[in-house]
Structures are given as structure tokens and as C-alpha cells.
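Enquirer: build me a model:
(one chain, ligands or ions: 1)
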Amino acid sequence: MARAGIAILGCEQSVAMYMPMFRYLDNGEFIAAADIVKEKAEKARDVYGAKRAYTDIDEMLLDADIDGVIVATPHYLHAEHVVKIAEAGKHVLCEKPMARTINECDRMIDACERNRVILMPAHMKRFNWCFQLADRLIKDGTLGEIAQVRTQWDTYAQGTDAAYMKHRTLGLACLGYGSHTIDLSRWWLGEVETVSAEVSIGWKGREVDDQSVMTLRHVDGQVSVHSVSLVFHKPLLEEYTIFGTEATLQMRVEGLWSYTSPLPFDMKLYRRERMVEDVTPKILDNIDDTLTRTNHFLKEMEHFCDCIVNGKTPMITGEDGRKATEISNAGYVSSWKKRKVILPLRESPDLETFFNELAGSEN
Ligand SMILES: NC(=O)c1ccc[n+]([C@@H]2O[C@H](COP(=O)([O-])OP(=O)(O)OC[C@H]3O[C@@H](n4cnc5c(N)ncnc54)[C@H](O)[C@@H]3O)[C@@H](O)[C@H]2O)c1
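Expert: Prediction:
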């Protein structure tokens, strides 16, 4: 089988997300781990079996064995890194959120189109077996007509670490966390027409939003509601409720991060007349088999490599990543200007001023 040569730029959380999955990846090979911190790049290489470690992105891009790069640096660097990688003629799988603003997304899309390389945003939840089951139940009519999707994401988070202090990140709750749930709601309900949101800073000293509640109206009239709190003293809670005319599907995970856990969401289907069916997918007896069949990062990388090797268009494109950023940008505008925002956004909002004002009024 033809294999794509893959590098990973940014060796912090990618160590828990992508790197352990290379041992199961048939159509890709881990060529290089790269990070500005030498020890991180070398450790990633040594532990996860990459061929080389780099601290300099320009040097890495000269490596002829690399066909595609997974960008797992902080999101304020995504635009700069993706443009560089595209100019070097390499394909890109870019972590979420794709970028801070729609202007940055446009630069990334343009660079990838000009250089004829793939730009795939890493909305890996679309590759998750539980979300795929939800998608099937929506699309095969089991849930009936969908009236609403509601998402709730609260993580154990206190204090003012770097993620909140770097206000150049231009958003966290609505942009960073929201990008996942926005993408799911677009997958299930279609395009978004209007955005209403309230964001705020709940923990003193933080410079970007740690609270976000966003309501989206989708083209066919359905509503999705996205709630995030990063001031939470309990273990993580992630919950999705899909309200249909025939049944309600509830997906819930509590006390663990769903992105790194092999355990499925607890999934319940509530039919009419109070019939409850447990539709939680069952893990297999052997952890290798479970990961091979179900891990979303593995499935995402397999798809990325398949697109590289066979010249296919990815099922999630740069336009999807841009839409998620556009909708969260619109959420910030809605909260700032105290109004509902009609899409499309004509230009990137001045988020720097917004967050200065927000931090000034709330800290
Ligand atoms: N899909 C998911 O569920 C999920 C989960 C966690 C994080 N993420 C995303 O992954 C990305 C990385 O997150 P993180 O928490 O690991 O970020 P981070 O801030 O910890 O940084 C990641 C790494 O990038 C390195 N780095 C910084 N600047 C660099 C540069 N110029 N060149 C090379 N390396 C550089 C840092 O040294 C660090 O090791 C973000 O976009 C985040 O939103 C996605």
C-alpha cells in the first residue's frame, strides 16, 4: 500500500492525540516531529518512532520524505504555519480552530489553492464512532425531523494559565471549544443563517472568553445551542442532545476527556411513550482492536493520507474550517454589539478591541 510521509508540527497535545496512533496507520508513516522546544521534538521522535526531529520549520519543509504536515501549534500560529507549509508544496491537516479570523482563513485557503495542496481542518469529531452513529440516526430518519441540537461543554478549569492570558489567541470558549460543536451542528443541520451569543470572562485575570452561550439558526429553520464554561470545579462534562419529532438522542461523557479516551459516549435514545434504548457502542475486548476500529485521530489521519496518496478531496475542507471561525467571530460580534448577526460576515471583526474592552470591564 502506498504511504504518505507525515510530520507533526507542535509536540504538546499532539503527543496524546495523533502520535500513539501511528503504530496502527497503514497508509501513512511518521517521518518527523517538530517543535521550537528541542527536547519536546526529540522526545516525540524517540517515543513514537518518527525518523527525524526538527526545531526549525523551514528546515523541516526541505525534507523530501514529508508529504503532509499536521499543524498542532497554538491557533494564533496556524495561519503563519499553514501558509508556509503550502508554499513548500506540502499538504496540511490543521488543528482546530483553523484560525482566529476569517481573514486568516482566507489567506490559508488561498495559499493551499495556489499551491494545489490539501487543506483539511482537524474537526476529528466527524470521525468519532459515536458522532457517526448520531449522524446515521439523524439521516436514516430514526429521530424524525430534527428540531434542535443542544451542546454543553464544561471543563475542570480554574486559574489564569497561558491559554487565557495570551489575548492574541482572540478567543477561547466560543472559538476554541465552539469550533468543534459548530462543525457538528453544520454537519447535522446544514448551513447557519444567524448567530446570537453572549460571551464573558468568569475568572478574574483571564483575557479571553471563558464563558460562551451561542444560538444558531440553520437554513431549514432548526436551532442549535452551544454552551461552554471554563470555570468548573467538577470533572469534565460534555453533553449533546438532539431533539427529533420521533426520538431524542442524548450523548454524554463525564469525568474524562473524550478526545483521548477510548471509551464511547454514553448514548441513550428516548422514543415516544418513555421507551429508552441504550445505544452506546460497545468497545471490543482487545484495546488494539478497539483503537484500530474506532479512534477518531486514527480515522482522521487515514482519511488525510488517503486523500494525499489517491489525490482525493477531503470530506472536511478549508471552507468548513472557515465557516466554524466565521460563526464564532459572529458570536463575538453579537455579544459585543448586543445584536443578532446575519451571515455571511463581510469582514473580520476587530477582536483585539473587543477583548480589550471585555477584559477591561470584567477584570
Ligand atoms: N482536537 C482536539 O480535541 C484538540 C484537543 C487539544 C488541542 N487541540 C488543538 O491543538 C492545537 C495545539 O494545542 P496545544 O494545547 O498542544 O498547544 P500549545 O500552546 O501547548 O502548543 C503546542 C506546541 O507548539 C509548540 N510551538 C509553539 N510555537 C511554535 C513554533 N513557532 N514552531 C514550532 N512549534 C511551536 C509549543 O512549544 C508546544 O509544544 C491547538 O490548535 C488546539 O486547539 C485540539
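
Enquirer: around the ligand, pick out the residues from the stretch 201-350 of the chain.
Expert: Residues of the stretch 201-350 of the chain found near the ligand (C-beta under 6 Å from any ligand atom) are Y259. Heads up, the C-betas are built off the backbone N, CA and C, glycines and all.

Enquirer: low-confidence regions, the stretch 201-350 of the chain specifically.
Expert: The model of the stretch 201-350 of the chain has no residue with pLDDT under 70.

Enquirer: what about the helices in it?
Expert: 287-294, 296-310, 318-337 (DSSP state H, counting those that start in this stretch).

Enquirer: so which of the ones you listed gets nearest R52?
Expert: R52 lies closest, by C-beta to C-beta, to one member of the helices of the stretch 201-350 of the chain: helix 296-310, at 18.5 Å.

Enquirer: CA atoms of that closest one as CSV?
Expert: This file holds the C-alpha atoms of helix 296-310, laid out as CSV (Å, rounded to 0.1, in the frame of the first residue of the first chain):
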residue,chain,number,x,y,z
HIS,A,296,-11.1,9.4,15.7
PHE,A,297,-7.5,10.7,15.3
LEU,A,298,-6.5,7.4,13.5
LYS,A,299,-9.6,7.6,11.2
GLU,A,300,-8.8,11.3,10.5
MET,A,301,-5.2,10.6,9.6
GLU,A,302,-6.2,7.6,7.5
HIS,A,303,-8.5,9.9,5.5
PHE,A,304,-5.9,12.6,5.2
CYS,A,305,-3.3,10.1,3.9
ASP,A,306,-5.9,8.5,1.6
CYS,A,307,-6.5,12.0,0.1
ILE,A,308,-2.8,12.6,-0.3
VAL,A,309,-2.0,9.2,-1.8
ASN,A,310,-5.0,9.0,-4.1
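
Enquirer: check which helices and strands that helix is in contact with.
Expert: When contacts are defined as 3 or more C-beta pairs under 8 Å, 6 or more residues apart in numbering; DSSP states H and E, helix 296-310 packs onto strand 4-9, strand 28-34, strand 68-71, strand 91-94, strand 119-121.

Enquirer: in that helix, what counts as buried?
Expert: Using 16 or more other C-beta atoms under 10 Å as the test for burial, helix 296-310 gives 296-309.

Enquirer: for those, which one is nearest A122?
Expert: Set against A122, the nearest of the buried residues of helix 296-310 by C-beta to C-beta is E300 (6.3 Å).

Enquirer: so the closest one touches M124, yeah?
Expert: Yes - between E300 and M124 there is a contact under C-beta atoms under 8 Å: 4.6 Å.

Enquirer: and the residue of the stretch 251-363 of the chain found nearest the ligand, backbone torsions?
Expert: Closest to the ligand within the stretch 251-363 of the chain is Y259: 3.7 Å, counting by C-beta to the nearest ligand atom. Phi and psi for Y259, reported as degrees, to the nearest 10, are phi -70, psi -30.

Enquirer: now do the one 3 residues further on
Expert: Note on P262: its backbone torsions stand at phi -80, psi -10 [degrees, to the nearest 10].

Enquirer: from memory it sits against T290, does it?
Expert: Yes - using C-beta under 8 Å, P262 is in contact with T290, at 5.4 Å.

Enquirer: ok, those two, which is more surrounded?
Expert: Comparing P262 with T290 by other C-beta atoms under 10 Å, the one with more neighbours is T290, at 17 against 11.

Enquirer: does the more buried one touch P281 like I think?
Expert: No - the criterion here is C-beta under 8 Å, and T290 misses it with P281 at 10.0 Å.

Enquirer: give me the common contacts of P262 and T290.
Expert: Taking C-beta atoms under 8 Å, 6 or more residues apart in numbering as the contact rule, P262 and T290 both touch I283.

Enquirer: follow-up on the earlier one: make a markdown table out of the helices and strands packed on helix 296-310 and add mean neighbour count and distance to the ligand.
Expert: Below are the helices and strands packed on helix 296-310 laid out as a markdown table (neighbours: other C-beta atoms under 10 Å; distance: least, C-beta to the nearest ligand atom, whole Å):
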| stretch | mean neighbour count | distance to the ligand |
| --- | --- | --- |
| strand 4-9 | 25 | 6 |
| strand 28-34 | 24 | 6 |
| strand 68-71 | 27 | 8 |
| strand 91-94 | 28 | 8 |
| strand 119-121 | 29 | 10 |
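
Enquirer: any part of stretch 147-162 near the ligand?
Expert: No - for stretch 147-162, no contact with the ligand is found by C-beta under 6 Å from any ligand atom; the gap never falls below 6.8 Å.

Enquirer: quick check: end-to-end length of that stretch?
Expert: 39 Å (C-alpha to C-alpha, to the nearest Å).
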